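A.B. asks: make a model of this:
(chains A and B)
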Amino acid sequence: MNTTTSKKTILRAEGFACPSCVNKIEKQVGRLDGVESVKVHFASSRVEVVHDPDRVTADDLVAAVAKAGYKSRASAF
Amino acid sequence: MNKVHAWLHGRWAVPGISGLLILASLASSRIWTNQLWGDIFMIAAAVVAGVPVVIKAFNALRAKVIGIDLLVSVAAIGAVILANYWEAAAVTFLFAIGHALETATLNKTRSALAELIAVAPDTAIVLRENEQVEIDAGEVGNGETVLVKNGAKVPVDGVVIGGTGAIDEASITGESIPVEKVTGDKVYAGTVSTGGFLQVQATGVGADTTLARIIHRVEEAQDAKAKTQKFMDRFSAWYTPAIIVLALVLGLVTRDVVLALTLLVIACPGALVISIPVSIVAGIGRGAKDGILIKGGEFLETSAKIDAVALDKTGTLTEGRPVLTDVVVLDAGIDQGLDSDEVLRLAARAEAGSEHPLARPILEAAAEKGLAVPGLPEHTEPVPGKGIVATLDGRRIAVGNVALLEQEQVAETDNSRVAEVVAELAALGRTPMVVARDGRAIGVVAVADKIRTDAAEMVRRLHASGVKKVVMLTGDIEPVAKAVGAQVGIDEVRAGLLPEQKLEAVEDLKRQGYTVAMVGDGVNDAPALATADIGVAMGAAGTGVAIETADIALMKDDLLKLPQAVSLAKRTVANMRQNIAIALITVGTLMFGVIFGGVTMAIGMLVHELSVLVVIVNAMRLLRRRRDRFESTPVRTGTPSAAVDDRVRQTV
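C.D. replies: Next up, the predicted model:
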């Protein structure tokens, strides 16, 4: 499994209004091929994704979060 | 067209369209006697505002979450089935508009952090092979030379290696007065040049900068749940299902479906769920903007209870740079050649090989007076905890405390005079050292650490913010510590402590029932800092470790940030409590109203959404700066050496 190098990407999202958003986004993003783990932080509206950058890019992640209904953008740190 | 498109995808589209449809329905029922068009518009309004809610509720259910969306969906669908179209439309419309407002205001409570992220620099100008190259800020290599021009953001953490300039460090320290930077000074990524031109050697880039550490710390802090939050999470986990059961039971018992549906709507835990996170996000964000990093909700709650503050003396209450203050000649009558310069010179020569922190001020003062200190003593022997004994030109010179005199068997006759001078100096808060030559006390030199100008003000403000006891813990001798404590307004002085005794002192305070905050530099105070309920690190901007580990990290070496942090914690926790109260009282009153009649579904939803907004707006109050921020903060400046020189002459 560890033949690929996984990368941690942080997305900063907008408009988290209730803690139930957390599960929805975690499901949407977690479903993507190449995503190893995803953690959504409600209070700071931040999504931490560990993924294989060759199989799923930061843009794909942003798109998945958008599908769950939230705007987000990848952050350098 | 683009504007329309953007609006349709914005947060106001759903409530906007739904609201227009409601207006259309109301208008049409006035125009036509037939209710059909009115009903169609009303249903359309309910569908526009309700479908997103139903979808969310469905998604949430699939993730095994029973939430507010489900309650609203059930209520709205039920109202449509019962042909209460107005109720269905009103409930979903108010819910949608409430949501849009919540999102907008919630983003506001996170604004302090958003601003911090916004100051992160994008590009850097580096010097490569003598050419200026503009590159991505994250691509600067460690050790590369970065140019910071007037008005530009500093792109990396680094050390100034050339040029001078003024830097606004507000994003890091919360202090908006620009700081002058010269060679050797540290600069931080995200700060802004307000003049001059600096060459900076990069020491930290991207995620390795102080700014990135602050942002991480703040986000982690905002996510870390307070004890109250954990309790509320458990509470909401059974609260929502309980309400559904209650509504079912009420519907079955009273056979009144509308009543049961109304209960569902008004019991939404929206305000309750966000009451704590909004306060914490706002409070911690506010702190970060002022250069106060608090580790998380739990630490906020503990900080709000702080009623005892333990402070280290050296480096905290004082500047941590002792200077020579007095030179007293004891034996001038016997030895004609002895004057203050000679006493100082002998002391300096004896201390020349010493590593002791008190040796430096003596050597510096001697150098300043132009006294020659040739080479090292023939023989030096440090006496731990007492002083130093050296052999100079064949004579035995001892410099140290009274205990050293006893060890050196200095003639008894001298002792009363020595004790008198020593006591006098110590009472002034200075650390006296006796100079003895061949078993005779010939003089006393004293050094003192300058008390910070804002130390007394800090103690006053700590008391004003509810701290009952301010305790000084120091390794220094008692009379000196007491004198400093008295000048600053300290309640209790514990002197002569070893690092592990500082820990014991903190434990003792805790045993007495105090919630103790310990302030220190984090190195020799580390055990005491860890033992205290809240460990506070000062001047943390320069040390990544402090930012990441201290319970409260004060970015700037500014004593007045401490009372500010305590008062911020108190305000945030009070705000949290107000929010919980608002939420609970609203739900309670509405439930009472529903069961005893008078509250309809639409009124219930309106009041409910209002309570959510009140909670958010209340939290936003924390973002405002308090007035005491604007009170003038004394600026510590000055070169102590000149002042000391005066004092030396006065005393001599």
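
A.B. asks: residue ranges in chain A under the pLDDT threshold?
C.D. replies: Low-confidence segments of chain A, defined by pLDDT under 70: A:1-4, A:15-21, A:76-77.

A.B. asks: show me what contacts the residue of the stretch 351-500 of chain B found nearest chain A?
C.D. replies: Nearest residue of the stretch 351-500 of chain B to chain A, counting by Cβ to the nearest Cβ: B:S465, 25.7 Å away. Yep, even glycine has a C-beta here, placed from its N, CA and C like the rest. Contact partners of B:S465, counting by Cβ atoms under 8 Å, 6 or more residues apart in numbering or on different chains, are B:P563, B:V566, B:S567, B:K570.

A.B. asks: relative to chain A, which of the residues you listed is nearest.
C.D. replies: Nearest member of these to chain A, counting by Cβ to the nearest Cβ, is B:K570, at 20.4 Å.

A.B. asks: for that closest one, what is the enclosing helix or strand?
C.D. replies: Secondary structure assigned from DSSP states H and E places B:K570 in helix B:561-595.

A.B. asks: from B:E500, how far out is the residue of the stretch 351-500 of chain B closest to chain A?
C.D. replies: Taking Cβ to Cβ, to the nearest Å as the measure, B:S465 falls 30 Å from B:E500.

A.B. asks: what does B:E424 give?
C.D. replies: Counting by Cβ to Cβ, the gap from B:E424 to B:E500 is 32 Å.

A.B. asks: then B:G10?
C.D. replies: Note on B:G10: its distance to B:E500, by Cβ to Cβ, is 61 Å.

A.B. asks: would you map the strands across the stretch 451-600 of chain B?
C.D. replies: Under the criterion DSSP state E, counting those that start in this stretch, the stretch 451-600 of chain B contains strands at B:469-473, B:492-494, B:516-520, B:534-538, B:552-554.

A.B. asks: with mean pLDDT, distance to chain A and mean neighbour count added, can I get these in JSON lines?
C.D. replies: Shown next, in JSON lines, are the strands of the stretch 451-600 of chain B (pLDDT from 0 to 100; distance: least, Cβ to the nearest Cβ, whole Å; neighbours: other Cβ atoms under 10 Å in any protein chain shown):
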{"stretch": "strand B:469-473", "mean pLDDT": "93", "distance to chain A": "33", "mean neighbour count": "23"}
{"stretch": "strand B:492-494", "mean pLDDT": "93", "distance to chain A": "39", "mean neighbour count": "18"}
{"stretch": "strand B:516-520", "mean pLDDT": "90", "distance to chain A": "24", "mean neighbour count": "27"}
{"stretch": "strand B:534-538", "mean pLDDT": "89", "distance to chain A": "21", "mean neighbour count": "25"}
{"stretch": "strand B:552-554", "mean pLDDT": "90", "distance to chain A": "18", "mean neighbour count": "29"}
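
A.B. asks: now distance to A:A13 too, for those strands, in CSV please.
C.D. replies: Below are these laid out as CSV (distance: least, Cβ to Cβ, whole Å):
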stretch, distance to A:A13
strand B:469-473, 43
strand B:492-494, 49
strand B:516-520, 35
strand B:534-538, 31
strand B:552-554, 27
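
A.B. asks: do you know the pLDDT at B:V648?
C.D. replies: Per-residue pLDDT puts B:V648 at 38.

A.B. asks: circling back: B:E424 and B:E500: which has the busier surroundings?
C.D. replies: Using other Cβ atoms under 10 Å in any protein chain shown as the criterion, B:E424 and B:E500 rank with B:E424 on top: 17 against 10.

A.B. asks: tell me which element the more buried one is part of?
C.D. replies: Applying DSSP H and E as the criterion places B:E424 in helix B:412-427.

A.B. asks: which helix or strand lies directly C-terminal to that helix?
C.D. replies: strand B:431-437.

A.B. asks: what's that next one in contact with?
C.D. replies: B:322, B:326, B:343, B:346-347, B:350, B:358, B:362, B:387, B:395-402, B:404-405, B:408, B:410, B:418, B:421-422, B:425-426, B:441-448, B:476-477, B:480.

A.B. asks: contacting residues around the closest residue to chain A within the stretch 401-550 of chain B?
C.D. replies: Of all residues in the stretch 401-550 of chain B, B:G544 sits closest to chain A, at 13.4 Å by Cβ to the nearest Cβ. By Cβ under 8 Å, 6+ apart, B:G544 lies in contact with B:T210, B:R213.

A.B. asks: just the pLDDT for it.
C.D. replies: For B:G544, the model assigns a pLDDT of 70.

A.B. asks: gap between it and B:D557?
C.D. replies: Per Cβ to Cβ, B:G544 is found 16 Å from B:D557.

A.B. asks: how about B:G196?
C.D. replies: To B:D557, B:G196 is 23 Å away according to Cβ to Cβ.

A.B. asks: could you do B:G604 as well?
C.D. replies: Distance from B:G604 to B:D557, by Cβ to Cβ: 53 Å.

A.B. asks: who has more neighbours, these two?
C.D. replies: B:G604 (27 against 19).

A.B. asks: I'd say that one and B:L264 touch.
C.D. replies: No - contact criterion Cβ atoms under 8 Å: B:G604 and B:L264 do not qualify, at 9.1 Å.

A.B. asks: now the residue positioned nearest the centre of chain B, which residues is it bridged with?
C.D. replies: Closest residue to the average C-alpha location of chain B: B:I292 at 2.0 Å, with Cα atoms, centre = their mean. As for beta bridges, B:I292 partners with B:L554 under DSSP bridges.

A.B. asks: that one: what's it in contact with?
C.D. replies: Residues near B:I292 by Cβ under 8 Å, 6+ apart: B:G174, B:I552, B:A553, B:L554, B:M555, B:K561, B:Q564, B:A565, B:L568.

A.B. asks: with that, I have no additional questions.
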